[in-house]
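Asker: predicted coordinates and the sequence they were generated for:
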Amino acid sequence: MKRTVASETALRRSAMLMTAFGPIIGAALADDEVIEILGNPDGGLWIERQGSGLAAESARLRPADVERIIRLIASEANLTCDRNHPIVSAELPTGERFEGLLPPVAPAPCFAIRKPAARIFSLADYVDTGAMTGADSLVLKSAIARRQNILIAGGASSGKTTLANALLAEIAATGDRLVILEDTRELRADAPDMVALRTAPNVPLERLVRSTLRLRPDRIIIGEVRGGEALDLLKAWNTGHPGGVATVHANSASSALTRLEQLIAERTREIPQELIAEAIDLVVFMKRGPSGRRVEDILRVEGLGPDGYRLAKPASPDLVIVKEGTTP
């Protein structure tokens, strides 16, 4: 009986939320081509679709309606939402990432909804659409076959997660055991041996990285490195768990390593540049422009020199074909 009541309550809340969203946002949530939905403080509604970029909708949002959406989502996620707690970070029941803000941190209620990928783009798709060169594709495939560690860098909404999913599709074919760590479910892998973990209010990413080492991973994947867990990840990658993928916010391929230093500084005053140079093999920089998201740059980390990290463009790719039962 309790389970029935709980189910009815969940359905009722879901129906209330969809009613609050209204027909335009509801349709956008159901549209596989939609990537992001943005509601601005001025009432403007912006929607980004695959291949067509961000565009303003003719409809306007009333502040009261946006506030109702934010409060309903906060209630669904058991979060406090008032003037002392004006920011709501949550995951919608259907998996979308939601960020809502109320006054006083915003002049009027506003929100952003990031949708998980409806389908996985392969490296071949990147090449076909011009978002990556054929040579870049071979460099990445070779790095995966050689169990090299790949750091994907870029700004917000630059396509880091989408590229990570494309790399995971390649990694899944190796048969390696994957452990995937995230704050929000965004990474997707069709690997036969995989453990997907996510953070919780009392379990930060840093703690998950440490537990991961006891799960016998072949490759460790992190959706986004954003704190002191960067140090634990680099140590793991450099001591028996190579071939991983992680993303980080940065403004260029070269500044991604500086960003790692800043994150590690949250844990220790001594920045282990040698560890960073040894653990990171490739840095891929994603950029969002008028024509869409694309691979802007790939740099190979060749070590540490007297003037800092030695970075170079990858040489002509020599794809390694890994046969079943062998290692590159």
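Answerer: Yes, it's here.

Asker: in its sheet, what does the lengthiest strand in the chain sit against?
Answerer: Longest strand in the chain, counting residues (DSSP state E): strand 292-305. In the sheet, strand 292-305 lines up against strand 282-289 (antiparallel), strand 308-312 (antiparallel) (DSSP bridges).

Asker: now these as a markdown table including mean pLDDT and distance to Thr239?
Answerer: (C-beta placed from N, C-alpha, C; glycine too.) As requested, the strands paired with strand 292-305 are arranged in a markdown table below (pLDDT from 0 to 100; distance: least, Cβ to Cβ, whole Å):
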| stretch | mean pLDDT | distance to Thr239 |
| --- | --- | --- |
| strand 282-289 | 93 | 19 |
| strand 308-312 | 93 | 20 |
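
Asker: and these, which is most packed in?
Answerer: Comparing the strands paired with strand 292-305 by mean neighbour count (mean count of other Cβ atoms under 10 Å), strand 282-289 comes out on top with a mean of 21.

Asker: got the CA positions of that one in CSV?
Answerer: Extracted C-alpha coordinates of strand 282-289, given in CSV (Å, rounded to 0.1, in the frame of the first residue of the first chain):
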residue,chain,number,x,y,z
LEU,A,282,46.8,14.1,-24.5
VAL,A,283,44.9,17.3,-24.0
VAL,A,284,41.9,17.8,-26.4
PHE,A,285,40.4,21.3,-26.5
MET,A,286,36.8,21.7,-27.4
LYS,A,287,35.4,25.0,-28.6
ARG,A,288,31.9,26.2,-29.2
GLY,A,289,31.5,28.6,-32.1
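
Asker: flag every buried residue along the longest strand of the chain.
Answerer: Arg293, Arg294, Val295, Glu296, Ile298, Leu299, Arg300, Val301 (16 or more other Cβ atoms under 10 Å).

Asker: just the strands from the stretch 1-150 of the chain, written as ranges.
Answerer: Along the stretch 1-150 of the chain, counting by DSSP state E, counting those that start in this stretch, strands occupy 34-39, 44-49, 53-60, 87-91, 97-101, 110-114, 150-154.
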